[in-house]
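Q: Return a 3D structure for these sequence lines:
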Amino acid sequence: MTFKQYRAVKLVVVMILAMTVSMSVARENYLIPVMALGIAIAVLLIVRRKVKEIVADERDYEISGKAARLAMQIFSWFAVVIMLLLYAQRTINPSFEAVATTLAYSVMLLMLLYALIFYYYFKSSFFEGKKIYLIVGLIIIMTLLFFAGLRLLSGEDGWLCKNREWIKHGHPNFPAPSTECKK
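A: Here you go, the predicted structure:
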């Protein structure tokens, strides 16, 4: 397979994935996009292995590494500033606190993941032959820690939507949402 054919297949896979995700989210089915993403990744990996030409060289990897590091730093600083602004305004709208907390945990996870992957590549000769297993294991562990932190450190007081009305859960310090309860 040529690189040009690979790019065409990649474009078709991305278009199909985008349509699948958008239709599934519109129908409030969130399991199908996750499965579709996994299938798309598998298809692209299989197709890329069949390419006989050079896909990227060392210069491409160096530039992409610099771009990724810079994008991560810019996102982190921007997210921290937005998080602090939202957290400062939590008395105006209590949902700002949840968004701020999510941003804080996202930046923390991103930085921790970056540090672990950087350390991994820095010490890669020690882990020779086990790279993919270590990376997948680290990602799974980081994801579990992220969700455990969200669950353990998030407040229990809020409003739940049941039978088309807002029900108190715990002792929320803010009024019931003004939006319509649809469940």
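
Q: Check which element follows the helix ranked longest in the chain along the chain.
A: Identified as the longest helix of the chain according to DSSP state H is helix 58-88. Downstream of helix 58-88, the first helix or strand assigned by DSSP states H and E is helix 95-122.

Q: hmm, back to that, buried stuff in the longest helix of the chain?
A: 76, 79, 83, 86 (16 or more other Cβ atoms under 10 Å). Heads up, the C-betas are built off the backbone N, CA and C, glycines and all.

Q: And the second one, how far from Ala56?
A: The reference is to Ala79. Using Cβ to Cβ, to the nearest Å, one gets 29 Å for the distance from Ala79 to Ala56.

Q: ditto for the first one
A: When distance is defined by Cβ to Cβ, Ser76 is 26 Å away from Ala56.

Q: What residues sit buried inside stretch 36-53?
A: Neighbour-count burial for stretch 36-53 [16+ other Cβ under 10 Å]: 36, 40, 43-44, 51.

Q: now it, how far from the centre of its chain.
A: Centre-to-centre, stretch 36-53 and its host chain are 21 Å apart (Cα atoms, centre = their mean, to the nearest Å).

Q: Ok, stretch 132-145 next?
A: That offset, for stretch 132-145, works out to 14 Å (Cα atoms, centre = their mean).

Q: so who does Thr179 touch?
A: By Cβ atoms under 8 Å, 6 or more residues apart in numbering, the contact list for Thr179 is empty.

Q: Centre-most residue in the chain?
A: Ser106 (8.1 Å; Cα atoms, centre = their mean).
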